[in-house]
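Sequence and predicted structure below; questions after.
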Amino acid sequence: MNQSSVENPAAKVLSAWRSILYVPANVPKFLAKAVAAGPDAVQLDLEDSVPPSEKEAARQAVGAAARQLRAAGLDVSVRINHPLSLAVRDVEAVIGPDVGTISLTKVEGRSHVRLIDELVSECEARAKLQPGHTRFLLAVETPEGFDRMGEIATASPRAVAMMLGGEDLALAWGCEPIEEVMRMPKQHMINAARGAGLLPLGFLGSIANFRDIEAFRAMVRRSRQFGFEGASCIHPSQVAVLNEEYAPTAAELERARKIVAMDAEVAAEGRGSFRLDNQMIDVPIVQRARRLLQRAERFEKK
């Protein structure tokens, strides 16, 4: 394909995702716990948490699970498998009105994304869904994908979010997926995502650490300072931390409103900068305040 089969999907509007909780698609008993945890979205997993013998049962379970989750007010994503033979079966089984996003795993280049885009468009047409109904969360988890993150991020207008799979990358690189090692690669992912207008998801450390919640909280707080806006998680106990730490605080919102209001006042006087609380406020700080308010508005609408 020379271009995406979806030119301008309405779904390009970014979601208000602070937390995305993984749930194996073949274990229905976890759905109630997922809803009770209160994530912004649930990712029904067809990949790593589902053994090969259970793949088909997991695919068949997605429709009912997605309806249940949507009825509870949650966004629904489905993580598909990487080998094309499995990915095709996954996509054909799960595209439907209650699945808003599919997570493409181990994306290695533009052609990978566009092939899945073409298949999704065919499945949407068969299901009589609006073109562009299904959005993409792009997961880069291989050295090849890491080298091509810029082209991957812009490969399809369906893409709304991007993340870096630290565990898989660390395995390929022969390193440990600790914060000090993964900081640079994840900053590169944030750069690629921001450059394409996508939501950068994740955090600096490992997703596997859910026993020490306060250490997890501190790591998420640092991650937000680096530019992450939300993250996936594997345990319900992590959801509240992500929801709290990736949301603007009341103090941040109050200051942002003040900055935007004062900017309008000085602009009327022909000035482009001003002082607030002994800090010089100019264009980048005003734009950052507006972005924070827009993010809060997405949460309110959700």
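That came in fine, so what should we check first?

So Leu293 versus Leu253, what's the distance?
7 Å (CB to CB, to the nearest Å). (Glycine included, C-beta is placed from N, CA and C.)

can you pull out the helices in the stretch 151-300 of the chain?
All helices of the stretch 151-300 of the chain, identified by DSSP state H, counting those that start in this stretch, fall at 166-173, 179-195, 213-226, 239-245, 250-268, 283-301.

What residues of the shortest one count as buried?
Using 16 or more other CB atoms under 10 Å as the test for burial, helix 239-245 gives Val239, Val241, Leu242, Asn243, Glu245.

Tell me which of the helices of the stretch 151-300 of the chain lies nearest to Leu69.
The minimum distance between Leu69 and these falls on helix 239-245, with 13.8 Å, by CB to CB.

And that closest one, how far out from the chain middle?
Centre-to-centre, helix 239-245 and its host chain are 15 Å apart (CA atoms, centre = their mean, to the nearest Å).

Leaving out chain neighbours, which residue sits closest to Ile234?
If you skip the residues right next to it in sequence, Ile234 has Tyr22 as its closest partner in space, 5.1 Å away by CB to CB, 6 or more residues apart in numbering.

now that neighbour, what's its secondary structure?
strand (DSSP: H, G, I helix; E, B strand; the rest coil).

try the one 10 residues further on
Classification of Ala32 by three-state DSSP places it in helix.

how near is it to His235?
Distance check for Ala32 against His235: by CB to CB, it reads 15 Å.

higher neighbour count, those two?
Ranked by neighbour count (other CB atoms under 10 Å), Ala32 and His235 place His235 first, with 17 against 11.

Could you measure from the more buried one over to Leu137?
Distance from His235 to Leu137, counting by CB to CB: 19 Å.

Hmm, Glu252 is touching Arg295, no?
No. Counting by CB atoms under 8 Å, Glu252 does not reach Arg295; the two are 10.2 Å apart.

So between the two, which is more surrounded?
A direct count of neighbours by other CB under 10 Å for Glu252 and Arg295 places Arg295 higher, at 20 against 14.

so what's the closest residue in space to that one that isn't next to it in sequence up against?
Closest residue to Arg295 apart from its sequence neighbours, by CB to CB, 6+ apart: Pro248 at 6.4 Å. Counting by CB atoms under 8 Å, 6 or more residues apart in numbering, Pro248 touches Ala256, Leu292, Arg295, Ala296.

Quick check: pLDDT value at Pro248.
At Pro248, the pLDDT value in this model is 90.

Also the one 4 residues further on?
Model confidence at Glu252, expressed as pLDDT, equals 89.

what do you get for Val35?
pLDDT recorded at Val35 is 95.

how distant is the helix or strand encompassing it from the center of its chain?
Assessed by DSSP states H and E, Val35 sits inside helix 30-37. When C-alpha coordinates are averaged (CA atoms, centre = their mean), helix 30-37 and its chain have centres 19 Å apart.

in it, what counts as buried?
Applying 16+ other CB under 10 Å to helix 30-37 flags Phe30, Leu31, Ala34, Val35, Ala37 as buried.

I'd say the third one and Pro24 touch.
Which is Ala34. No. Judged on CB under 8 Å, Ala34 makes no contact with Pro24 at a distance of 10.5 Å.

hmm, back to that, who's in contact with the residue nearest to Ile234?
Listed by CB under 8 Å, 6+ apart, the contact set of Tyr22 reads Val42, Gln43, Asp45, Ser49, Arg79, Ser232, Cys233, Ile234.

Go again with 6 Å.
By CB atoms under 6 Å, 6 or more residues apart in numbering, the residues touching Tyr22 are Gln43, Asp45, Ile234.

Quick check: bridge partners of the first one?
With DSSP bridges as the criterion, the beta-bridge partners of Gln43 are Tyr22, Ser77.

From Ser15, how far out is it?
Gln43 is 12 Å from Ser15, by CB to CB.

Glu47: how many residues sit nearby?
Neighbour count for Glu47, taken as other CB under 10 Å: 23.

Looking at it now. What's its pLDDT?
We have a pLDDT of 94 for Glu47.

Same question for Gly63.
For Gly63, the model assigns a pLDDT of 95.

Once you drop chain neighbours, what's closest to it?
Nearest non-adjacent residue to Gly63 (CB to CB, 6+ apart): Gly96, at 5.9 Å.

that older thread, which single one of the buried residues of helix 239-245 is nearest to Met149?
Using CB to CB, those come closest to Met149 at Leu242, 23.2 Å.

Please tabulate the contacts of Tyr22 in TSV, including the columns distance to Glu124 and neighbour count.
Below are the contacts of Tyr22 laid out as TSV (distance: CB to CB, whole Å; neighbours: other CB atoms under 10 Å):
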residue	distance to Glu124	neighbour count
Gln43	20	25
Asp45	22	24
Ile234	30	16
